[in-house]
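Please work out how this folds:
(chains A and B)
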Amino acid sequence: MYFSDFSSEGAMNQERMTKISHFVNEDAIFPISTERSTINIMSNSKVRVRFAPSPTGFLHIGGLRTALYNHLFAQHKKGDFVLRIEDTDRVRTVEGGIENICQSLKETGVIPNEGIWIDEKGEIVERGTHGPYLQSKRQKRHHEYADELIRMGKAYPCFCTEERLQELRKKQQLEKQPTGYDGTCRNLEADEAKKRISNGVPHVIRLRFPEQGSVIIHDVIRGKVAFDWKEIDDQVIIKSDGMPTYHLAATCDDHDMEISHVLRGEEWLSSTPKHIFIYEAFNWELPIFVHLPLILNPDKSKLSKRQGDVGVNDYIEKGYLPEAIINFVALLGWNPKGDQEIYSHEELAELFDPAKINKAGGVFDTSKLNWMNNHYLRALSEDDYFKKVLPSFEGIDDDLAFLKRSALLVRDRLETTVEIKEVTAFLFRAGFDFQEIPLAWKDQDADSVKERLEAVREVLTNMEESNVLNIQIVENELKNLIEKNGWGNGDTLWPLRVALSGMKKSPGPFELVATYGKERALQRIDSAIKSL
RNA sequence: GGUCCCAUCGUCUAAUGGUUAGGACGCUAGGUUUUCAUCCUGGAAAUAGGGGUUCAAUUCCCCUUGGGACUACCA
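Have a look, this model is predicted:
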């Protein structure tokens, strides 16, 4: 069985198979006699998971992790990973949201094999046999399900106005009462309801939850979680504009798309009873639920803008490598055990196990991401490194070879690709102010500095260009010079380094010489000598 | 207010009914070095509190405290 290695809950599988009733004394709770729908699906042995974001904003780090875990699980199980877009909220939908979600997933390598995707031309396309995957296109189906629910007595039309409900809520809050729908339309006569509908009275459709008893959710991460029905509000499933709400749409779509495992954020845990109610009403087989711990701001609230960048594209633009982002995000809430820190996407897929996901939320703290990004930057081949980093040099200098040497010079100390411009700026500066940064080492006098720099100039002048570009040869030559004259490293190398960098702290003199090349290095040294 | 979830170094985490509670990032001290970074070697740093169960609890149970999510005709 595909769920057999959820090692945590052997019994859970048993229960899933025998399909326990979640209702207590069902007949008493559902007095309206209905035929139970029997749309049983065959037990699907293939793992099918989905990431179902709404295009109400750009893909953020939390969404990426949810998508990634779905992806890793699908890869691990050789199952399907579906991307569905939940665009049922017309007012909050953001222009370009779908494109951004697809693009961010694409750039980080979290690629679904079914559903919505973006092609090379940037066009949104749909792939797969369970479509449409744009939720708004499934409206007809959602209405069929809603009608069926009404027929079964599991849902009812509600004519309460938003204004009245808002006032009700306000009053409840003021009186410190639990907020919730007061059930005004719950027991409306069928004839009366029909009359109002045909008269065009605006209405929504609500689920009719049991008034007593409880539901138990079996969650892979959290085990059994119980809710009392009486705490749960009759949920709107069709809005007055005819659009379904998440609860109906996602549940029905998951079923229609034969989703076997629902991996989603923990914020959905408390509405899962509503979804189970729908599965039960239709006698559908439940998926396995995996509610992921939240990713948190530094103050431990749910991750949000306001407290820093959270968009995946923000991090891409800042110069974080996809491998680093994926590695970091994967380990935020899950860990394959052991002391390893660096994992490739393939390794993650190989090792991924939902049963080992943490319960507690995790703070998104970028300091480790920086370290990781530096690690991946250093692991890149030179060519790949140049591809990532050279665009930041646009318009700075025409000498490509020099730019490449400059990029290599600072590679080890780079945390993100975009900071390269700032870190290498001194290399391209016209001249330095040696009044500010002393060329002299400790209490060295000016004559000594001059002597050393002139000697270095002579050595470099007599070297072949190709040798000047070789760090090791430069080092050998200059160390010979120092030894021959009985000088100290400090009183020769410090002035040289400052002459070349104009800074107290910089890369070493040998690598600087080799980065500049003969002509540029000599220019720097000359101007330093002149300043003395 | 109600419901539900959660709790190991600052952060991400590992571990077990018996451990000097491990690793990583960050911080920090020293070494290497002309400076910085790298690199190497150290250091500080955690089981929220209180009750049980047990020979033994950080681990299992309960309570408290703290944090969080949800509480929409948003997802």
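
what comes up buried for the strand or helix carrying A:Val225?
Element membership for A:Val225 (DSSP states H and E) is strand A:223-228. Neighbour counts over strand A:223-228 (16 or more other C-beta atoms under 10 Å) mark A:225, A:227 as buried. No exception for glycine: its C-beta is placed from N, CA and C like everyone else's.

With stretch A:285-298 instead?
A:285-297.

now swap in stretch A:220-240 and tell me
For stretch A:220-240, by 16+ other C-beta under 10 Å, it's A:220-222, A:225, A:227, A:229, A:232, A:234-239.

near RNA strand B, from those?
Within the set of the buried residues of stretch A:220-240, contact with RNA strand B (C-beta under 7 Å from any atom of the strand) is found for A:222, A:225, A:227, A:236, A:239.

so can I have a markdown table of those showing pLDDT?
Shown next, in a markdown table, are these (pLDDT from 0 to 100):
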| residue | pLDDT |
| --- | --- |
| A:Arg222 | 94 |
| A:Val225 | 95 |
| A:Phe227 | 95 |
| A:Val236 | 97 |
| A:Lys239 | 95 |
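
Of all pairs in the residues you listed, which one is the farthest apart?
Greatest spacing in those, by C-beta to C-beta: A:Arg222 and A:Lys239 (30.3 Å).

follow-up on the earlier one: pick out whichever of the buried residues of stretch A:220-240 sits closest to A:Val82.
Proximity of the buried residues of stretch A:220-240 to A:Val82 (C-beta to C-beta) peaks at A:Val220, which lies at 19.0 Å.

and A:Ile473, how far is that from A:Lys518?
12 Å (C-beta to C-beta, to the nearest Å).

So what touches the strand holding A:Val225?
A:8-9, A:212-219, A:269-270, A:273 (C-beta atoms under 8 Å, 6 or more residues apart in numbering).

Equivalent analysis for stretch A:505-522, please.
So stretch A:505-522 is contacted by A:402, A:405-406, A:408-410, A:426-427, A:457, A:460-461, A:463, A:465, A:468-471, A:474-475, A:478, A:493, A:496-498, A:500-501, A:524 (C-beta under 8 Å, 6+ apart).

Would you show me how to pick out the buried ones of those residues in ChimeraX?
Restricted to buried positions by 16+ other C-beta under 10 Å, the ChimeraX selection for these reads:
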select /A:402,405,406,408,409,410,426,427,457,460,463,468,469,470,471,474,475,478,493,496,497,498,500,501,524
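
Keep only those of the contacts of stretch A:505-522 that are in helices.
Among those, the members falling in helices are A:402, A:405-406, A:408-410, A:426-427, A:457, A:460-461, A:465, A:468, A:471, A:474-475, A:478, A:493, A:496-498, A:500-501, A:524 (criterion: DSSP state H).

show me which of these neighbour RNA strand B.
Among the ones in helices among the contacts of stretch A:505-522, RNA strand B is touched by A:493, A:497 when using C-beta under 7 Å from any atom of the strand.

Mind listing what's buried along the strand or helix carrying A:Ile326?
Using DSSP H and E, A:Ile326 falls within helix A:322-330. Buried residues in helix A:322-330, counted by 16+ other C-beta under 10 Å: A:322-330.

Please save the CA atoms from that helix in PDB.
What follows is helix A:322-330, C-alpha atoms only, in PDB (Å, rounded to 0.1, in the frame of the first residue of the first chain):
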ATOM      1  CA  PRO A 322      17.700  28.000  -6.300                       C
ATOM      2  CA  GLU A 323      19.700  25.000  -4.800                       C
ATOM      3  CA  ALA A 324      20.300  27.000  -1.700                       C
ATOM      4  CA  ILE A 325      16.700  28.100  -1.300                       C
ATOM      5  CA  ILE A 326      15.500  24.600  -1.800                       C
ATOM      6  CA  ASN A 327      18.000  23.100   0.600                       C
ATOM      7  CA  PHE A 328      17.300  25.600   3.200                       C
ATOM      8  CA  VAL A 329      13.500  25.600   3.000                       C
ATOM      9  CA  ALA A 330      13.400  21.800   2.900                       C
END
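
tell me what it is packed against?
Packing contacts for helix A:322-330, counted by 3 or more C-beta pairs under 8 Å, 6 or more residues apart in numbering; DSSP states H and E, involve helix A:61-77, helix A:97-108, helix A:312-317, helix A:345-351, helix A:366-379.

Name the residues that touch it?
Looking at what lies outside helix A:322-330 - C-beta under 8 Å, 6+ apart - the contacts are A:61, A:64-65, A:68-69, A:72, A:107-110, A:312, A:315-316, A:342-345, A:348, A:368-369, A:372-373, A:375-376.

rerun at 7 Å
The contact list for helix A:322-330 (C-beta atoms under 7 Å, 6 or more residues apart in numbering) reads A:61, A:64-65, A:68, A:107-109, A:315, A:342-343, A:345, A:348, A:368-369, A:372-373, A:376.

do stretch A:386-398 as well
Against stretch A:386-398 from outside (C-beta under 7 Å, 6+ apart): A:380, A:403-404, A:407, A:417-418, A:420-421, A:428.

now swap in stretch A:525-532 and tell me
With contact meaning C-beta under 7 Å, 6+ apart, stretch A:525-532 is reached by A:431, A:434, A:439, A:446, A:449-450, A:453-454, A:456-457, A:499.

again, 8 Å this time
A:431-432, A:434-435, A:439, A:446, A:449-450, A:453-454, A:456-457, A:460, A:495-496, A:498-500.

ok, and for it, which residues are buried?
With burial defined by 16+ other C-beta under 10 Å, the residues of stretch A:525-532 counted as buried are A:525, A:528-529.

close to RNA strand B, is stretch A:103-116?
No: contact of stretch A:103-116 with RNA strand B (C-beta under 7 Å from any atom of the strand) is absent, the minimum separation being 13.3 Å.

Tell me what angle the helix holding A:Ile326 forms with helix A:61-77.
Interaxial angle, helix A:322-330 versus helix A:61-77 (axes from the mean of the first three to the mean of the last three C-alpha atoms, to 10 degrees): 90 degrees.

Out of the helices and strands packed on helix A:322-330, which one sits most buried?
Of all those, helix A:61-77 carries the top mean neighbour count, a mean of 24, counting by mean count of other C-beta atoms under 10 Å.
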